[in-house]
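Engineer: Here is a sequence together with a model predicted from it:
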Amino acid sequence: MKAAVLSFPGSNCDQDLLWATRLVAGATAELVPASARTLTGFDVVMIPGGFSYGDYLCSGAIASLAPIMAAVQRFAAAGGYIIGICNGFQILTAAGLLPGALQSNAQLDFVCAPAPLTVVNNSTAFTNAYADGAQITLPIAHGEGNYYADADTLASLERHHQVVFRYQHNPNGSAHDIAGITNRAGNVLGMMPHPERAVEAILGGTDGLGVFTSLLTATKEAAYAGR
């Protein structure tokens, strides 16, 4: 598996993603700047957390217009796997690759804490390493992680099993306790918690490692199937 880790001005979790991906045997990762215009040769695209372009206008809005995002759109349309974490989730919604939006936390405070989660769909490219209904804990660190969508969109997400991670104790007011969703095709994931910050015991736990091993399995299966 070869992953492209996108780097925007202001990104601060790109190195974390590089490290976490490289911990998985059989996986490699490279930084790709926001100015790039192609993602040829990559199996996975990772959009990190941070404050892309200082979060001016609103979180993810300017990054969604960066040159690399045209290639990300093509990558998604071709069925490539894309994961956006925290600010990366915000970028994916701003770019129209995922439904809904991330708004200010309900309590209007930045939250930074371990977040207990439930894996509500382990049949995705990002969660196949977890047991169905697995209880895991991943760090969160955001001021605008309150997931919002209209009632019809929320119903559709639930009906098509696009909710992947759900908070056990909602920290930000997210509708339906949503912590992570996929697109309808299942190849694009956005999540507010940080799996890359939970990949080594010395950091407090390894519950995030499954996201990266899941992607490795999914890319191997896709290669075997000739996709």
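Structural biologist: Yep, it's here. Numbers count the residues shown, from 1 in each chain.
Engineer: contact partners of the biggest helix by length in the chain?
Structural biologist: In the chain, taking DSSP state H as the definition, the longest helix is helix 209-224. Outside helix 209-224, the residues that touch it by Cβ atoms under 8 Å, 6 or more residues apart in numbering are 1, 3, 20-21, 23-24, 26-27, 43-44, 81, 83, 124-130, 136, 195, 198-199. Every residue, glycine included, has its C-beta placed from N, CA and C.
Engineer: Narrow these to those in strands?
Structural biologist: In this view, those that belong to strands under DSSP state E are 3, 44, 81, 83, 136.
Engineer: want to throw those into TSV with pLDDT and neighbour count?
Structural biologist: Shown next, in TSV, are the ones in strands among the contacts of helix 209-224 (pLDDT from 0 to 100; neighbours: other Cβ atoms under 10 Å):
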residue	pLDDT	neighbour count
Ala3	98	26
Val44	98	26
Tyr81	98	25
Ile83	98	28
Ile136	98	23
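Engineer: And those residues, which is closest to Phe165?
Structural biologist: Nearest to Phe165 out of the ones in strands among the contacts of helix 209-224 is Ile136 (Cβ to Cβ; 8.4 Å).
Engineer: which ones are touching that closest one?
Structural biologist: Here Ile136 is in contact with 116-119, 130, 207-208, 210 (Cβ under 8 Å, 6+ apart).
Engineer: So that I can see them in ChimeraX, could you write out a selection of the buried residues among those residues?
Structural biologist: To isolate the buried ones among the contacts of Ile136 in ChimeraX, judged by 16 or more other Cβ atoms under 10 Å, type:
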select :117,118,119,130,207,208,210
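Engineer: what bridges to the residue nearest the centre of the chain?
Structural biologist: Centroid-nearest residue in the chain: Gly84, 3.0 Å away (criterion: Cα atoms, centre = their mean). With DSSP bridges applied, Gly84 shows beta-bridge pairing to Ile47, Gly190.
Engineer: try Cys112
Structural biologist: Under the criterion used (DSSP bridges), Cys112 bridges to Ala141.
Engineer: quick check: angle from the lowest-mean-pLDDT helix or strand in the chain to strand 81-85?
Structural biologist: In the chain, no helix or strand scores lower on mean pLDDT, DSSP states H and E than helix 209-224, which sits at a mean of 94. Helix 209-224 runs at 160 degrees relative to strand 81-85, counting by axes from the mean of the first three to the mean of the last three Cα atoms, to 10 degrees.
Engineer: Alpha carbons of helix 209-224, as PDB, please.
Structural biologist: Extracted C-alpha coordinates of helix 209-224, given in PDB (Å, rounded to 0.1, in the frame of the first residue of the first chain):
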ATOM      1  CA  LEU A 209      -3.900   1.100  14.300                       C
ATOM      2  CA  GLY A 210      -6.800  -0.900  13.000                       C
ATOM      3  CA  VAL A 211      -7.700   1.900  10.600                       C
ATOM      4  CA  PHE A 212      -4.300   1.600   8.900                       C
ATOM      5  CA  THR A 213      -4.200  -2.200   8.800                       C
ATOM      6  CA  SER A 214      -7.800  -2.200   7.500                       C
ATOM      7  CA  LEU A 215      -6.600   0.000   4.500                       C
ATOM      8  CA  LEU A 216      -3.700  -2.400   3.900                       C
ATOM      9  CA  THR A 217      -6.100  -5.300   3.700                       C
ATOM     10  CA  ALA A 218      -8.500  -3.400   1.400                       C
ATOM     11  CA  THR A 219      -5.800  -2.300  -1.000                       C
ATOM     12  CA  LYS A 220      -4.400  -5.900  -1.200                       C
ATOM     13  CA  GLU A 221      -7.900  -7.200  -2.000                       C
ATOM     14  CA  ALA A 222      -8.500  -4.500  -4.600                       C
ATOM     15  CA  ALA A 223      -5.200  -5.400  -6.200                       C
ATOM     16  CA  TYR A 224      -6.000  -9.100  -6.200                       C
END
